[in-house]
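In: what's the 3D shape of this:
(one chain, ligands or ions: 1)
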Amino acid sequence: MASAVATADVAQAWARVKGALGLEEVNAGVFDGTWASISGREILPVHTPIDGSHLASVALATQDDFERTVRAARNAFARWQDVPAPVRGEIVREIGELLREHKETLGLLVSLEVGKIVTEGQGEIQEMIDIANFAVGLSRQLYGLTIASERPHHRLAEQWHPLGLVGVITAFNFPAAVWSWNALIAAVVGDVVLWKPSPRAPLTAVAITRIVNRVLERHGLPPIFYLLVDEGRSIGERMSKDRQIDLLSFTGSIPTGRKVAENVGRRLGKMLLELGGNNAAIVTDKADMEVALKGVAFGALATAGQRCTTTRRLILHEAIYDRFLERLTTAYRSVKIGNPLEEGVLVGPLISAQAVENYRAAVERAQREGGQLLYGGQVLALPGLENGHYVQPTLIEGAPEMSILCEETFAPILYVLKFRTLEEAIAIHNSVPQGLSSAIFTADLREAETFLSHRGSDCGLANVNTSTAGAEIGGAFGGEKDTGGGRESGSDAWKAYARRQTVTVNYGPDLPLAQGVRFDIG
Ligand code: NAD
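Out: Take a look at the predicted model:
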């Protein structure tokens, strides 16, 4: 990709992004309908994980900002819910067009802020455009059912109304796409949105919030996409506790999600939880080796192992175990690690020094628990990128009883396990607390269908001959068990952003009661 080569220099890339997206040295992190002043506020510095250099800063939100922003958002909802859904769809269509116009620079900003390789940064903005397209069509398909009534002259139906104010808390690793899964779908349903991004990626959130609200301004409508940047916890916690947030969509780790769930649950609020994964790929002796290799390598290495859908466990049939591992190790050796803006690099940095520490600790612990280091395991100091956060993708031969196999370490560590029968492979596969994504590589129909059956994968996403990572927006995305049970993005996930109402209309001259109950008065 030509643009990748042209922008491999971090300072140059940042200068280009900053100019094109109108970012400043210090950016307001509060959008309550207008951008709040930065003066007198605490400042959050943003460093790129690529080489540790400082990009810019964002002025943080306070609890007062929360009050004011929620008030503004709720006022905007009063108007937005009256805009007919297909007209809301038209506005989202224009938002999609604006995102397309800014795709390259927004994608580059994602790469700079969180260290994704260029095509992944671009892919994330493409995902926003895709979901915008999906939401436009959806705006004319917000169907309810009509149900046969047991009573004469009665109509029984269900309809869907806007919910109100949807709070969206996002993780660092999908700083753009995950917001759009929520926000653009919520928008066509008739909701307004308050975004609390990760403090690791606030610049992406500032840039997106500026772009998308422009369309509403063009139409003489109040903004519907609000933003509060915090230092990590304060605003997010407030959103989980405050009843004015009608739905809280939370994406993040399981420990944080648990706290959020407790707070939202205490107020009996609605929530969508998209939490950590611990995804496995089973490769059987009937697999197409080339497809399986590519699928496993992409799943384990993409985004430097920092996807919720990253392949973290590889369950290999004993008959192909040595051969497959040999090929995979060769592939690992050939993978270029480094500046993600550089062409050919496939593995960029981890997000932070803490993430590197977590990687190091996990590699050590896995070995203490009996795992055999097959490849990698080293923290890297790359020339010119010494202040970046690079590690070697790692393969560790494990055993199902190792407790670390039940945890998600957000780094490129792949544990390899051996199996003899498919039943055994599925048991290993399902033996972790998380339930997000899963894959089987096999050309055997029986094996594939067994994996997809109720006795197979227990995850929200089950794939055959493709990676655990890299979902399309058309399907509902989310996971079971400790992953939280939420579903976002495509299919009928829009229903989570709406209030369901069952309607009974009696158009007859009598009052027949359901279940044959008699209640004759007079
Ligand atoms: P994290 O849990 O550290 O942070 C997520 C968000 O929660 C951030 O915006 C953070 O500021 C906020 N937060 C922190 N404390 C909070 C509190 N007490 N109340 C409310 N909000 C609070 O996660 P991360 O490191 O940014 O992201 C990585 C994790 O996210 C991984 O576990 C990954 O699997 C998960 N993830 C899941 C999905 C999914 O769709 N299932 C998608 C992306 C990432």
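In: Now do the same for the one residue in the stretch 1-150 of the chain that gets nearest to the ligand: its pLDDT.
Out: The ligand sits closest to Val114 of the stretch 1-150 of the chain, with a gap of 9.6 Å, by C-beta to the nearest ligand atom. Quick note: C-beta positions are derived from backbone N, CA and C, even for glycine. pLDDT, Val114: 98.
In: Residues of the stretch 51-200 of the chain that sit close to the ligand?
Out: Ile169, Thr170, Ala171, Phe172, Asn173, Phe174, Val178, Lys196, Ser198, Pro199 (C-beta under 6 Å from any ligand atom).
In: what about the first one, neighbour count?
Out: One way to gauge burial is a neighbour count; for Ile169, by other C-beta atoms under 10 Å, it gives 28.
In: Settle this for me: it is touching Leu194, isn't it.
Out: No. Contact between Ile169 and Leu194 fails when scored by C-beta atoms under 8 Å: they sit 9.4 Å apart.
In: if we can go back for a sec, the ligand: which of the residues of the stretch 51-200 of the chain next to the ligand is nearest?
Out: Ala171 (3.1 Å).
In: who touches Ser249 in this structure?
Out: Val166, Gly167, Val168, Ile169, Asn182, Met271, Leu272, Glu274, Gly486, Glu488, Ala496 (C-beta atoms under 8 Å, 6 or more residues apart in numbering).
In: repeat that for 6 Å
Out: Val168, Asn182, Leu272 (C-beta atoms under 6 Å, 6 or more residues apart in numbering).
In: and if you look at Phe31?
Out: Phe31 touches Thr209, Tyr226, Leu227, counting by C-beta under 6 Å, 6+ apart.
In: The same query, at a cut-off of 10 Å, please.
Out: By C-beta atoms under 10 Å, 6 or more residues apart in numbering, the contact list for Phe31 reads 61, 65, 69, 72, 194-195, 205-206, 209-210, 213, 223, 225-229.
In: Among those residues, which ones are in strands?
Out: Leu194, Trp195, Phe225, Tyr226, Leu227, Leu228 (DSSP state E).
In: Would you check that the fifth one makes contact with Gly29?
Out: Translated: Leu227. Yes. Using C-beta atoms under 10 Å, Leu227 is in contact with Gly29, at 7.1 Å.
In: Test my guess that Ile211 contacts Trp179.
Out: No. With contacts counted by C-beta under 10 Å, Ile211 stays clear of Trp179, the gap being 12.0 Å.
In: Around the ligand, which positions in the protein sit nearby?
Out: For the chain, the contact set with the ligand under C-beta under 6 Å from any ligand atom comprises 169-174, 178, 196, 198-199, 232-233, 236-237, 240, 251-253, 256, 259-260, 274-277, 308, 408, 410, 436, 479, 483.
In: now for the ones in strands among the contacts of Phe31, which pair is the farthest apart?
Out: Phe225 and Leu228 (11.7 Å; C-beta to C-beta).
In: Identify the contacts common to these two.
Out: Joint contacts of Phe225 and Leu228 (C-beta under 10 Å, 6+ apart) are Phe31, Leu194, Trp195.
In: will you turn those into JSON lines that also has pLDDT?
Out: As requested, those are exported to JSON lines (pLDDT from 0 to 100):
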{"residue": "Phe31", "pLDDT": "98"}
{"residue": "Leu194", "pLDDT": "99"}
{"residue": "Trp195", "pLDDT": "99"}
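In: Please identify the helix or strand for the residue nearest to the spatial centre of the chain.
Out: Geometric centre of the chain, nearest residue: Val178, 4.3 Å, by C-alpha atoms, centre = their mean. Using DSSP states H and E, Val178 maps to helix 177-189.
In: cool, Leu328 as well?
Out: Assigned by DSSP H and E, Leu328 falls in helix 321-334.
In: Determine how far that helix lies from the middle of the whole chain.
Out: 30 Å (C-alpha atoms, centre = their mean, to the nearest Å).
In: which strands and helices sit next to that helix?
Out: Counting contacts by 3 or more C-beta pairs under 10 Å, 6 or more residues apart in numbering; DSSP states H and E, helix 321-334 packs against strand 279-283, helix 289-301, strand 311-317, strand 372-375, strand 394-397, strand 413-419.
In: How about Leu380, nearest residue that isn't a chain neighbour?
Out: Closest residue to Leu380 in three dimensions, ignoring its sequence neighbours and counting by C-beta to C-beta, 6 or more residues apart in numbering: Tyr390, at 4.1 Å.
In: which residues touch that neighbour?
Out: Contacts of Tyr390 (C-beta under 10 Å, 6+ apart): 49-50, 115, 304, 337-339, 347-350, 356, 378-382.
In: Try it again at 7 Å.
Out: The neighbourhood of Tyr390, defined by C-beta atoms under 7 Å, 6 or more residues apart in numbering, consists of Ile337, Pro349, Leu380, Leu382.
In: Give me the buried subset of these.
Out: Ile337, Pro349, Leu380 (16 or more other C-beta atoms under 10 Å).
In: so which strand or helix has Ala76?
Out: With DSSP H and E as criterion, Ala76 is part of helix 63-80.
In: hang on, the earlier thing: ok, so of the ones in strands among the contacts of Phe31, who is nearest Glu290?
Out: Once C-beta to C-beta is applied, the member of the ones in strands among the contacts of Phe31 that ends up nearest Glu290 is Trp195, at 41.4 Å.
In: still on that earlier bit, of all the contacts of Tyr390, which comes closest to the ligand?
Out: Pro349 (14.4 Å).
In: and the closest one, that one's in a helix?
Out: No. Applying DSSP: H, G, I helix; E, B strand; the rest coil, one finds Pro349 to be coil, outside a helix.
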